[in-house]
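> Based on what follows, work out the 3D shape:
(chains A and B)
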Amino acid sequence: MRSVKLILAAVLAVGLLAAGQEITWMSTQFVPIEEAEWVRNTLLPPFTQQTGIEVNFLGSEYAAFVDRLMAEHEAGQGTIDVICGLHGDFSSVLPTLADVSHLLPTIPGTLPPAMVELAQMGGIQAYIPLMQATYLMVINKAALDYLPEGVDIWALTYDDLLAWARNIYEATGEKKLGIPAGPGSLLHRFIHGYLYPSFTGYQVLAFDSGAAVRMWEFMQELWGYVNEAAPTWDAMDTPLLTGEVLIAWDHTARLKGAIVERPDDFIAIPSPAGPMGRGFITVLAGLGIPKTSPNPEAAAELIRYLTSPEAQVAILEGVGFFPVVEEAAGAVPPGALQILAAGVSAQAGSPDAIVSFIPGGISDEYKKIYRDTFTKFVIRGEPVDTEFLRQQATRLRELYLEAGAPYPAPDG
Amino acid sequence: MNFRVLRRQTWLYLGASLAAFWVLVPIVFTALAAFTPKQDFYLWPKPVVPRRFSLDTMRFFLNTHGVLNSLLNSVWVALMTLGLTLGVGAPAGYAMARFLFRGREAFRLGILVTRMFPTALLAIPITVNFIRWGLYDTLLGVALIHTAMALPFAVIITTGIFLGVSKELEEAAMTLGCSRLGAFARVALPLALPGLAAAAMFTFVISWNEVFAATILTVQNRTLPAQVLTMLRVSPLYFRFAGGFFMIMPALLFMFFIRRYLFHMWGGATAER
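Numbers count the residues shown, from 1 in each chain, chains lettered A, B, ... in the order given. This is a model prediction of the structure:
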């Protein structure tokens, strides 16, 4: 046992001494051009200075990410040293991942145990939690003039939202509510992580319930006040900046651009609550090491660096992902990020919270099921058809059964 | 000039202008947007011609890690693809046009079969084999895949071209002392040049636009689309326009230079006859 430890220590030391080493970091996160440049020019240079390890950052789409890892695993020979992805990304590439549980004691900050546990899949520690994000609402302060009387923006309900958007429409003749419904948008997250839990209490189990029917009918009414260009929008920062919308829902990273550009004009507030509570998603991203990694020690070194409180705050400042390490959570810098952080913590701390997780381990078809239903009932405005809902619900449950995956929170 | 001819001419030019507009307007707007300062980009209502021009967005894009390098890679891959495709495709097309052999029709159809399988389906097996063969993350590897994609079109196009080159001319050359190969090189090939230019253009564009295989097969040595398309898709609009403009330009330049061969085929050649 002792000799094993000695060997481990020696391996680690060799890893540390190997100056001039280069590792490849593939990631489904930090993909947008400015984020990728920020990672290369701001986040990584201090690491290279400290350790002498050069990092080649490679942004990747989900499909390419999975294909590449699978191919390298199958060939038994890899080029990727360390990977970054969302919780769900890791469950798709589980067979290719090395157990990283031995790294846990060496992480320089305190990771919440619930998150560490979430990152255990298939009997191994599949990844080390890195950062978290969520989806919420950002409003232009100009919208406050039309806020219905007695409504608290920090405890908004879907009925309040409807009344608010209607007020704006009646006063200005314009539809100023924005929901991203473009082909590259995160609309499916809004449906399965926000609408469904808020109205029915579940993501999957009550897909075709009476509460779901009432929810779709509500959305048909609300859609009358959503800007007509919504089906072309992938992210809401641009429409907020152009003034096409005054109230918008989206991912923090896709809203951040607006607040950074004009911090005095916008406020971030929690997503609305429905009859069952305030449903919202917590997104967790992490770092893992493939079994075929050519330099696992250097990869581990990078993981330790990225989970340090300093790097965690830097990530928040750079790309708007919120820290997971407890020591970093208190150190949010002032300005645009504080505005965003205020909304995030108000949402996370709301008394009627229903936390949802993104489904993992099942085929992406689930997104299509939610989005198709939305397109049919809301965008096309067809009458809510319970038979269609039942078919979709059956297919959705089949996806979980086929993959043997558990239902995500709040269902499971 | 009588009225009827004038009217027909007017309609023709109107139609041609409309078609040109159809193609040019998006390119013009892309170019304008690429040089609009970031701050002016979100002006609402948006002026058609920006009030100011700036190189900032373009400069940021060009200085982005790996963009210039990947541009060079893309050019190399496209040229290699061009060489391989025409090197194999043109003789194949020539054979299809000149010789009758058993299974000629089946071969013609068989060529198209390679286009039946979606690249996404083949991605993992191809990558696994490329890793084993040492072609993974090399430009040659990407060029080989692009050649496989472009070859069917090249063979079909060149078959058509060589069918159009009269066999008698080659035979005449041979009676005057040319060998079979010499007749091909000195007579058939020059006559087929405009068509080959079209095939070359097509091949170049196929390689230039291909994203999926290039993304999967490369890690460090990426082509331009593999390097930038994934990130542009989720980047702010002004970067998308800068990237879009930058990616259109080389292809436009290539076509600009190869254009005269095409004119030769459609315009000049018929006039000479």
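> in which helix or strand would I find the residue most central in space within chain B?
In chain B, the centroid-proximal residue (Cα atoms, centre = their mean) is B:Val205; its distance is 1.8 Å. Applying DSSP states H and E as the criterion places B:Val205 in helix B:189-209.
> For that helix, buried residues please.
B:191-192, B:194-201, B:203-204, B:206-208 (16 or more other Cβ atoms under 10 Å in any protein chain shown). C-beta: built from backbone N, CA, C; applies to glycine.
> List the contacts of that helix.
B:74, B:77-78, B:81-82, B:85-86, B:89-90, B:143, B:146, B:149-150, B:153-154, B:157-158, B:160-162, B:164-165, B:169, B:224-225, B:250-251, B:254-255, B:258, B:261-262, B:264-266, B:269 (Cβ atoms under 8 Å, 6 or more residues apart in numbering or on different chains).
> Please check these and keep the buried ones.
B:74, B:77-78, B:81-82, B:85-86, B:89-90, B:143, B:146, B:149-150, B:153-154, B:157-158, B:160-162, B:165, B:224-225, B:250, B:254, B:258, B:261-262, B:264-265.
> While we're on A:Glu170, how confident is the model there?
If you check A:Glu170, the pLDDT there is 96.
> circling back to that earlier point, next secondary structure element downstream of the helix holding B:Val205?
Following helix B:189-209 in sequence, per DSSP H and E, is helix B:212-217.
> Please compute how far that next one lies from its chain's middle.
Remark: helix B:212-217 is offset 18 Å from the chain centroid, using Cα atoms, centre = their mean, to the nearest Å.
> Which strands or helices does it pack on?
helix A:62-75, helix B:119-133, helix B:139-164, helix B:224-233 (3 or more Cβ pairs under 8 Å, 6 or more residues apart in numbering or on different chains; DSSP states H and E).
> Give me the buried stretch members for it, please.
B:Phe212, B:Ala213, B:Ala214, B:Thr215, B:Ile216, B:Leu217.
> I'd assumed B:Thr119 was in contact with the first one.
Yep, that's B:Phe212 we're talking about. Yes. B:Phe212 lies in contact with B:Thr119 (Cβ atoms under 8 Å); the separation is 5.0 Å.
> for chain B, which spans come out with low pLDDT?
B:1, B:44, B:261-273 (pLDDT under 70).
> near chain A, which residues of it?
Neighbours of chain A within chain B, by Cβ under 8 Å from any Cβ of the partner chain: B:42-44, B:60-61, B:64-65, B:120, B:123-124, B:127-128, B:131-132, B:136-137, B:212, B:215-216, B:219-220, B:228, B:230-237, B:239, B:243.
> Tell me the buried residues within the residues you listed.
B:42, B:60-61, B:64-65, B:123-124, B:127-128, B:131, B:136-137, B:212, B:215-216, B:219, B:228, B:230-232, B:234-237, B:239, B:243.
> low-scoring pLDDT stretches of the stretch 201-350 of chain A, where are they?
A:329-330.
> ok, which residues in it are in contact with chain B?
A:Asp234, A:Ala235, A:Asp237, A:Thr238, A:Leu241, A:Thr242, A:Gly243, A:Glu244, A:Gly257, A:Glu261.
> residue contacts, the last one?
Taking Cβ under 8 Å, 6+ apart as the definition of contact, the neighbours of A:Glu261 are A:Asp237, A:Leu241, B:Tyr42.
> Which one of the helices and strands packed on helix B:212-217 lies nearest to B:Phe21?
Smallest distance to B:Phe21 across these (Cβ to Cβ): 25.9 Å, for helix B:224-233.
> quick one, the closest one and helix B:189-209 angle?
40 degrees (axes from the mean of the first three to the mean of the last three Cα atoms, to 10 degrees).
> and helix B:224-233, C-alpha only, in CSV?
Only the C-alpha atoms of helix B:224-233 are listed here, as CSV (Å, rounded to 0.1, in the frame of the first residue of the first chain):
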residue,chain,number,x,y,z
LEU,B,224,-11.6,27.1,-41.2
PRO,B,225,-15.2,25.9,-41.0
ALA,B,226,-14.2,23.3,-38.3
GLN,B,227,-12.4,26.1,-36.4
VAL,B,228,-15.0,28.8,-36.5
LEU,B,229,-18.5,27.4,-37.4
THR,B,230,-19.2,25.7,-34.1
MET,B,231,-18.2,28.8,-32.1
LEU,B,232,-19.9,31.3,-34.5
ARG,B,233,-23.2,29.5,-34.2
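> elements contacting that helix?
Helix B:224-233 packs on helix A:33-38, helix B:67-98, helix B:189-209, helix B:212-217, helix B:237-263, going by 3+ Cβ pairs under 8 Å, 6+ apart.
> from the middle of its chain, how far away would stretch B:147-156 be?
Per Cα atoms, centre = their mean, the centroid offset for stretch B:147-156 relative to its chain is 12 Å.
> which residues touch that stretch?
Against stretch B:147-156 from outside (Cβ under 8 Å, 6+ apart): B:80-81, B:84-86, B:88-90, B:92-93, B:96, B:108, B:111-112, B:114-115, B:119, B:199, B:202-203, B:206-207, B:210, B:213.
> between the helix holding B:Val205 and helix B:237-263, how big is the angle?
170 degrees.
> what's the burial count for A:Glu221?
11 (other Cβ atoms under 10 Å in any protein chain shown).
> residues in contact with the nearest residue to B:Leu232 once chain neighbours are set aside?
Counting by Cβ to Cβ, 6 or more residues apart in numbering or on different chains, B:Leu232 lies nearest to B:Gly243, which is 4.5 Å off, once chain neighbours are set aside. By Cβ under 8 Å, 6+ apart, B:Gly243 lies in contact with A:Ile33, B:Phe61, B:Val228, B:Leu229, B:Leu232, B:Ser235.
> Next up, identify which helix or strand the nearest residue to B:Pro236 once chain neighbours are set aside is on.
In space, and not counting its chain neighbours, B:Pro236 is closest to A:Gly257: 6.5 Å by Cβ to Cβ, 6+ apart. Assigned by DSSP H and E, A:Gly257 falls within helix A:252-261.
> what's the answer for A:Phe57, then?
strand A:54-59.
> same deal with A:Ser345?
Residue-wise, A:Ser345 maps onto helix A:336-348 under DSSP H and E.
> what comes up buried for that helix?
For helix A:336-348, by 16+ other Cβ under 10 Å, it's A:Ala336, A:Leu337, A:Ile339, A:Leu340, A:Ala341, A:Ala342, A:Gly343, A:Val344, A:Ala346, A:Gln347, A:Ala348.
> what's near enough to touch the last one?
The reference is to A:Ala348. Per Cβ under 8 Å, 6+ apart, neighbours of A:Ala348: A:Thr134, A:Thr282.
> same thing with the fourth one?
Remark: with contacts taken as Cβ under 8 Å, 6+ apart, A:Leu340 is in contact with A:Thr252, A:Leu255, A:Lys256, A:Ile259, A:Ala268, A:Gly320.
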